Structure formats: C-alpha cells, structure tokens
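Visitor: structural data only, the sequence is not supplied:
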C-alpha cells in the first residue's frame, strides 16, 4: 500500500464534521451539503470482513477496492480531509470505534440490506446520522404510488408510472414516444454477424490499482476467478472513458441485439457500465439524461432506459420492501448452504424462501468444471475470466439451467452474488430469487423464466460447436418438461403457464418418464463433477 498511503498522506485539517462514504457510494454528488471541502471530512473503511462473507470473485474485489482507493485520492486532491481505516471487523464495529474520537458521523442510507442493518443500531442510538441516498432516480413514494405497498408488484406498471411522472420518452401529449411503451418485439435478433462488433476498451492501471491487485492475489488468492487488469476502470477519468466508449460504440445497436448470445464476443453491444453504476461511480440520472440525448433508434433508446429506470430501480424497491425476501419465511422452509459449494468457510448471508422446494446442490460446473453443455460451460468460463456476462446468459442459461436442475435458490443466488462484479444484495436477490428461479413465487414475476433447447439455439450460437447434438443428445428440453412435471401443482392454476402445462398433460407416461431419466442422469453426472456423455443421453432420449 506504499503508493496509496503516500498519496493519501496525513491531513492537518480539522473538519467541522465527518461523513462515512460507503463502498458503493463513490460519487461526490452523494455527499451531504457543505460550504467548502475542508469542512467535511470523509471516512472510508476497507475491511477483510466483507470478503469473508462469500467467496467474492477476485475481479470484483479488485474493481471495488481500486475504485474506493482512487476515489479517496480524488477527494483528497479536491481538498477534503480523508480518514481511511483498514480493519478486519464489521463496518458497524469499525465505525463504533471511530465515533469515540470523531463524534457523530453522517452516512447516506446504504443500498445493501447487509450494511443498512449493521448501521441501524448506531443510527437508533443517534451515533450515526442517516441521510437520504441521492443516487436513485425514484423514491419510495414513487414505488408505492405506482404499484402499491403490498405484493404482487409488476415492473411494467412501475415503469409506465415513472415514464409519465418524470416525462421520460414522452411526447407533448404525454404519450410514449414512438407510440409504444416497449419495443421488445424489435429487440430479439439473434447474433447474425450483420454488424461489425466493437473493440472493447482497455484501461491502463495506475500504481494504486496495481497495489490493490497485488494485495488481492496475496491475501485473497483462495477466492475464485481471474483478475484481468485491463478490464478495470478505477479512476474518474477511466469511468467516463468507458461510458463515452459505450455511447459511441454500442448504444446504437444495443436494442436489436440485447438478447443475443454468442461465443464470438464477450459483451456484444452491452455497455458493461452496471458495475460502475452500482458503485455509483456513474449516476443513473446522468446516464439516462445522456442516453436520451443520443441520436440512436427508439428501440435501442427505450430498451436501455428500461434497464435503468425499469429493472434497476424496480428491483431495488422490491428488495427494500421485503427485506431481501426474508420477512415472511416459514421456519420450516429455511435453508442455508454457505459459500455455494466453493471450498472454505463462508458466512452465508441470508435464509431464503423456496416455494418450489428445490434442493439440488450447486454443481461444480458453475465453478468451472466442464459439463459438456457448451452454453453453460461458455457462460461460466466468461464469468470466471471476467466477472461478467450480459443479462440473457445470466437469465436463460445460468439461472435457467440451475432452475431446471432444481438447484437450491440460495446456492445459485450466492454464486451470482459472489461471481458478478455488479452483484449486490439489492440487485442480485430479486433477479435470481424472484426472476431467475421463481423461488419467491409471484411477488414480482408472474411465471418462471425457463426454456428448453430451442430458445438457446435460436438466440445463441452454442449449439453448432457443442458436443451434444441439439436434437439427439441435448438434455435441456427434457429437463424443461421434467421441471414442469415436478412442479405441476405450482403451475397448474397459473394462466401464463397454461399452454405448456396443457401440452405436458397430453404427453404419455413413457415420455414423462423419459424426461425424468434424462434429468436424473444430468443431476447424477454434474453432481459428481463429471461431463455428460452424448451417447448415453442419446440412448436415454430414444427410449
């Protein structure tokens, strides 16, 4: 830490008050009001406690800590007194010790339930002054006024309300621009090679970022994943370099290809700014404003805006209103498996509702063991190497196959939380527990997001190079029908599942038994960490 400590130095200033800057509040616009920089001292905490909760991807740790340290230096250079505390304890215990010398410390309301819960006791004792978080585009009142105070909640209703109330993509008559609220039907092209794929930006690390990476490789060597140093934007200049690259290189084609999957390119036309948004290095109000100013097709513009003011804001409110879906869990449905199967001792963060009673352990294929399914293996490899893949491989490959296998939703959620650089509790739990696995029922989704082989083949190019033939030996469709059979009682009265349930009811018993045999074989092989045998699958499917 030589370069960082040297740059940080020792401040001779005595500020009037101190403010704790949480690890995901790295933006000057989130600071409380103040007349001059010198009157507001900023507290930063870097503790190994958080990295002991889950086996966080090394790229994720590198991105977060390099941004926090670089932001601290940026604030020092602007004249703010800085106190940067290193520790091994919880945030609550470290702040409590600092209060002895600093007096009351202010903090913006944390986004993560974990940190919010820790600081609540200090807030209740008036040791910490909790301030509103200015990084969100929408308020709790916006959420309640649009979808109500009790579930079920639906994103589309929230999205339309926000569009209208904030006049986003609305014409002079307060009607949606282009005549539609959503252009999803124009945004479902598979990758066809018709457009030149963008070269990805690279970022030259400064000495502070290099120190962080060196520390992680030594101290957290036992964590999963690889660090790709050129993929880490960690200074304010680099953060805006990425956003400017996105506006110039990918936003135009984002819409048509937002659901496409390919092995040819890591990110297609996705901006990859989600990690920086969730650290608040970039603010959503800035992103939305500048996106609306771009001369790009309406389907790309609306599709991007919906990701920000629709899903991102919506899932945050759902998570906050349900305390991470933990408020009404029956005691007999609680289940914990720390670390999602990664070697070591990890403190599992939460109990989980599990309406489908899925209990299969997360297979080692999610940590890099080859399954033989190229869609799964390619998606996992990309996550291991980069800490990222876009929303369709996440939902329709990684979550879909986990759901069809019957993986326990807490294990799958913990894996997503640990392995994705943009995953924090408020975003990962709604997206995996609610949308990806249907573990919380109809709180925010109307049906499970599952599919068979045809969707994966249509939207991706995995099938051509896969060792499993998409018709003869691929097990995904068999697993899909078996999933419906195993959970038939849950879905038989769900109107959005009526068509596949009716189709299942017409299948003879031998077909249904065949689906089960294929699924049992896949569970057995992946449960042992072994690769699927195409010939054995072909034999099972032909019976």
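Guide: Ah, there it is. Keep in mind the model is a prediction, meaning the values are calculated, not measured.
Visitor: ok, now which ones touch the residue nearest in space to the middle of the chain?
Guide: Centroid-nearest residue in the chain: residue 423, 3.6 Å away (criterion: CA atoms, centre = their mean). The contact partners of residue 423, by CB atoms under 8 Å, 6 or more residues apart in numbering, come to 60, 416, 417. All C-beta spots, glycine's among them, are computed from the backbone N, C-alpha and C.
Visitor: quick one: end-to-end length of stretch 436-450, please.
Guide: 8 Å (CA to CA, to the nearest Å).
Visitor: likewise for stretch 104-119?
Guide: Note: stretch 104-119 ends 13 Å apart using CA to CA.
Visitor: name the nearest of the contacts of residue 423 relative to residue 501.
Guide: residue 416 (28.1 Å; CB to CB).
Visitor: where's the closest one relative to residue 424, distance?
Guide: Residue 416 sits 11 Å away from residue 424, going by CB to CB, to the nearest Å.
Visitor: and if you look at residue 208?
Guide: Separation of residue 208 from residue 424 (CB to CB): 23 Å.
Visitor: residue 399 in helix, strand or coil?
Guide: Taking DSSP: H, G, I helix; E, B strand; the rest coil as the rule, one finds residue 399 in the helix state.
Visitor: just give the closest residue to it, not the sequence neighbours.
Guide: Nearest residue to residue 399, sequence neighbours excluded (CB to CB, 6 or more residues apart in numbering): residue 436, at 3.1 Å.
Visitor: repeat that for residue 36.
Guide: Excluding the flanking residues, the one nearest residue 36 by CB to CB, 6+ apart is residue 79, at 7.4 Å.
Visitor: what is the burial count for that neighbour?
Guide: Residue neighbour count, defined by other CB atoms under 10 Å, stands at 13 for residue 79.
Visitor: pLDDT value on it, please?
Guide: Looking at residue 79, its pLDDT is 96.
Visitor: need the contact list for it.
Guide: Counting by CB under 8 Å, 6+ apart, residue 79 makes contact with 36, 37, 38.
Visitor: where's it relative to residue 283, distance?
Guide: Counting by CB to CB, the separation of residue 79 from residue 283 is 21 Å.
Visitor: remind me which residues of the stretch 351-500 of the chain are low pLDDT?
Guide: Nowhere does the stretch 351-500 of the chain drop to pLDDT under 70.
Visitor: with the chain instead?
Guide: Residue ranges of the chain with pLDDT under 70: 1, 327-337, 348-349.
Visitor: what's the domain layout of it?
Guide: 2-131, 140-198+250-321, 331-542 (automatic domain parsing).
Visitor: how far does the first one sit from its chain's centre?
Guide: What it means is domain 2-131. Its chain's C-alpha centre and that of domain 2-131 lie 23 Å apart, by CA atoms, centre = their mean, to the nearest Å.
Visitor: do stretch 438-456 as well
Guide: That offset, for stretch 438-456, works out to 17 Å (CA atoms, centre = their mean).
Visitor: tell me the secondary structure at residue 443.
Guide: Here residue 443 is recorded as coil under three-state DSSP.
Visitor: show me what contacts it?
Guide: 151, 152, 153, 318, 322, 325, 434.
Visitor: how close does the closest residue to residue 39 other than its chain neighbours sit to residue 30?
Guide: Leaving aside its sequence neighbours, residue 39 sits nearest to residue 16 (CB to CB, 6+ apart; 4.5 Å). According to CB to CB, residue 16 stands 19 Å off from residue 30.
Visitor: so those two - more neighbours on which side?
Guide: Neighbours were counted for residue 16 and for residue 30 using other CB under 10 Å; residue 30 has more, 19 against 11.
Visitor: I'd guessed that one sits against residue 108; true?
Guide: Yes - shown here, residue 30 and residue 108 form a contact pair, counting by CB atoms under 8 Å, at 5.6 Å.
Visitor: now do stretch 311-329: everything it contacts.
Guide: If you take CB under 8 Å, 6+ apart as the criterion, stretch 311-329 is touched by 111, 113, 136-138, 140, 143, 149, 151, 153, 155, 158-159, 162, 277, 284, 350-353, 425-427, 429-431, 433-434, 439-440, 443-444.
Visitor: how about the helices of the stretch 301-450 of the chain, start to end?
Guide: Taking DSSP state H, counting those that start in this stretch as the criterion, the stretch 301-450 of the chain carries its helices at 313-322, 374-386, 391-392, 400-405, 409-419, 425-429.
Visitor: reformat the ones you listed as CSV; add distance to residue 251.
Guide: Formatted as CSV, these follow (distance: least, CB to CB, whole Å):
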stretch, distance to residue 251
helix 313-322, 20
helix 374-386, 21
helix 391-392, 16
helix 400-405, 27
helix 409-419, 26
helix 425-429, 21
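Visitor: residue 476: which of those helices is closest?
Guide: helix 400-405 (7.1 Å).
Visitor: from the chain's centroid, how far away is the closest one?
Guide: How far helix 400-405 lies from its chain's middle: 18 Å, per CA atoms, centre = their mean.
Visitor: same question, stretch 318-328
Guide: In terms of CA atoms, centre = their mean, the centre of stretch 318-328 is found 17 Å from the chain centre.
Visitor: buried sites along it?
Guide: By neighbour count on 16 or more other CB atoms under 10 Å, the buried set for stretch 318-328 is 318, 319, 320, 321, 322, 324, 325.
Visitor: what two of those residues have the greatest distance between them?
Guide: Maximum distance among the buried residues of stretch 318-328 (CB to CB): 11.0 Å, for 320 and 325.
Visitor: between the contacts of residue 423, which has the most around it?
Guide: Busiest of those [other CB under 10 Å] is residue 60, holding 26 neighbours.
Visitor: tally of neighbours for residue 338?
Guide: For residue 338, using other CB under 10 Å, the count is 18.
Visitor: would you confirm that it contacts residue 362?
Guide: No - taking contacts as CB under 8 Å, residue 338 lies outside contact range of residue 362: 11.7 Å.
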